[in-house]
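Q: Quick one, what's the 3D model for this:
(one chain, ligands or ions: 1)
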Amino acid sequence: MDAITGPFRRLVTPWVRHPTVLGSDVAGEIAAVGGGSTRFRVGERVVGYAAGQERLRNNSEEGGFQRYVTVLERVCAELPDTVTFEQAAVLPLGVSTASAGLYEKDQLALPLPTSAPSARGDVVLVWGASTSVGSNAVQLARASGYTVIATAGRRNHDFVRSLGAEAVFDYRDPEVDRLIVDAIGHRHLAGTMAIGGGALTHALRIAGRTTGTKNIASAYPDPLTRLRSLLARVRGIRVTSIWGGTPVQSPVGPAIFRDFLPVALRSGAFRPAPAPKIVGVGLEQVPRALAALRKGISATKLVVTIPAEDITP
Ligand SMILES: NC(=O)c1ccc[n+]([C@@H]2O[C@H](COP(=O)([O-])OP(=O)(O)OC[C@H]3O[C@@H](n4cnc5c(N)ncnc54)[C@H](OP(=O)(O)O)[C@@H]3O)[C@@H](O)[C@H]2O)c1
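A: Take a look at the predicted model:
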């Protein structure tokens, strides 16, 4: 479950028209097909990014926290029977934000993922890899052929390694920057995904001490990141701010949700991560789930399920 709520909402999405429906992650069965789409059929199992709060959508029919959600075909993916709706619901915003940072032309602009990638040898650093965005960034970067070096809290190191990271370091370790620079060694750093408090500070230090593109994509699209981006430029480091909804309008959306995810989920090359934690049944549980989210989570995504009788027309 993800939604921009609280005082930040006015700052982050000032364009949102009211009344609105929040929520960006949904999985379920197709109830109806419109807009000339021929890719999906009624009854098909899918996962999709609910883009209602995106500036160019701004449409309550496309908000996630409701029984029937209009999802754009370009950010919707077919689900294999092996993946439950609860597992799939962790994906959309995490995948979209990670893809925006890794693949958009004005971000790290890495080559798109495939289910059978060839190894490139270069390294992608994912700072904050146990977050929902980071878990997806690790798997996507691997599927683009990169070696991944990551950070996470100590208890999540095995989890991040299981996603394909070569090495994982504790972001709280005072020596973490040196350890990462040593781990990268003579290899090129193809880019850094900077996720989590303090990530950009560390990413700047590491980019300054390694060879490679010196590109950093920050998960914080705020004025401070823009200022630090200007300051970093004089050191030859390029810092960009990710907007997780960018793939809704760009070629990256269909490249990931139509071309990559369905095949990779079916083959098991890509797995829904982090694991879902079911916190309630019924839309009335959403506020409770958002309150739990605000208290903080670790390597999980909170999911509310909708009882079948609630969605029978
Ligand atoms: N720009 C955008 O459009 C966009 C979109 C979505 C999210 N975001 C931002 O991206 C970040 C991640 O979002 P999310 O929903 O994926 O997060 P999340 O899953 O709710 O994050 C929880 C995780 O954060 C990790 N964490 C806490 N402090 C950290 C730090 N200082 N450094 C690294 N990791 C840390 C924890 O790791 P451990 O438990 O392992 O310690 C925990 O697993 C958030 O700050 C969010 O605001 C931005």
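
Q: contacting residues for R45?
A: Residues in contact with R45, defined by CB atoms under 8 Å, 6 or more residues apart in numbering, are 27-29, 78-79, 81, 85. C-beta: built from backbone N, CA, C; applies to glycine.

Q: Which strands and helices lie in contact with the one helix or strand A141 maps to?
A: A141 belongs to helix 132-143 when elements are defined using DSSP states H and E. Applying 3 or more CB pairs under 8 Å, 6 or more residues apart in numbering; DSSP states H and E, we find helix 132-143 packed against helix 92-103, strand 123-127, strand 147-152, helix 157-162, strand 188-194.

Q: Parallel or antiparallel, list what pairs with the second one.
A: Which is strand 123-127. Strand 123-127 has these partner strands in its sheet, going by DSSP bridges: strand 147-152 (parallel), strand 188-194 (parallel).

Q: where does the closest residue in space to A129 that isn't next to it in sequence sit relative to the ligand, distance-wise?
A: Excluding the flanking residues, the one nearest A129 by CB to CB, 6 or more residues apart in numbering is A150, at 3.6 Å. Distance, A150 to the ligand, by CB to the nearest ligand atom, to the nearest Å: 10 Å.

Q: Those residues of the stretch 1-150 of the chain touching the ligand, which are they?
A: Counting by CB under 6 Å from any ligand atom, the positions of the stretch 1-150 of the chain adjacent to the ligand are 2, 93-94, 97, 128, 130-133.

Q: Just the closest of these to P287, please.
A: Taking CB to CB as the measure, P287 sits nearest to D2 out of these, at 14.4 Å.

Q: residues in contact with the closest one?
A: By CB under 8 Å, 6+ apart, D2 lies in contact with 23-25, 93-94, 132, 293, 301.

Q: Next, it: secondary structure please.
A: Three-state call for D2 (DSSP: H, G, I helix; E, B strand; the rest coil): coil.

Q: Quick check: closest non-adjacent residue to it.
A: Nearest to D2 is L93, by CB to CB, 6+ apart, at 4.5 Å.

Q: List the residues that contact the one you found.
A: Contact partners of L93, counting by CB under 8 Å, 6+ apart, are 2, 24-25, 49, 132-133, 244.

Q: likewise T97?
A: Counted by CB under 8 Å, 6+ apart, T97 has contacts 133, 136, 219, 242, 244.

Q: In TSV: those residues, plus neighbour count, distance to L283 and pLDDT.
A: Supplementary listing: the contacts of T97 in TSV, determined by neighbours: other CB atoms under 10 Å; distance: CB to CB, whole Å; pLDDT from 0 to 100:
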residue	neighbour count	distance to L283	pLDDT
V133	25	25	98
N136	31	26	98
A219	25	28	96
I242	27	29	97
G244	24	23	97
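
Q: Hmm, D170 is touching R154, no?
A: Yes. With contact defined as CB atoms under 8 Å, D170 and R154 form a contacting pair (4.9 Å).

Q: What segments of the protein are helices?
A: Ranges of helices in the chain, per DSSP state H, are 8-12, 85-88, 92-103, 132-143, 157-162, 176-184, 199-208, 223-233, 252-254, 261-267, 286-295.

Q: closest to Q66 out of those?
A: Closest to Q66 of the helices of the chain, according to CB to CB: helix 286-295, at 9.7 Å.

Q: Can you tell me which helices and strands the closest one packs against?
A: Secondary-structure packing of helix 286-295 (3+ CB pairs under 8 Å, 6+ apart): strand 275-281, strand 300-305.

Q: Now the closest residue to A31 other than its chain neighbours: phi and psi?
A: Of all residues not flanking A31 in the chain, Y68 sits nearest, at 5.8 Å (CB to CB, 6+ apart). Main-chain torsions, Y68, degrees, to the nearest 10: phi -120, psi 130.

Q: Just give me the neighbour total for Y68.
A: Residues near Y68, counting by other CB atoms under 10 Å, number 11.

Q: sorry, back to before: just the buried residues of the contacts of R45.
A: 27-28, 78-79, 85 (16 or more other CB atoms under 10 Å).

Q: give me every residue that touches the residue lying closest to L179 once chain neighbours are set aside.
A: With sequence-adjacent residues excluded and distances taken as CB to CB, 6+ apart, L179 is closest to F169, at 5.2 Å. Each residue near F169 by CB under 8 Å, 6+ apart is listed here: 149-151, 176, 179-180, 183.

Q: Closest to the ligand out of those residues?
A: Lowest distance from the ligand to those (CB to the nearest ligand atom) belongs to T151, with 6.0 Å.

Q: mind checking pLDDT for the closest residue in space to P247 that isn't next to it in sequence?
A: The shortest distance from P247 to any non-neighbouring residue, by CB to CB, 6+ apart, is to G253 (3.8 Å). With respect to pLDDT, G253 scores 98.

Q: OK, contacts around G253?
A: Per CB under 8 Å, 6+ apart, neighbours of G253: 49, 72, 74-75, 96, 99, 247.
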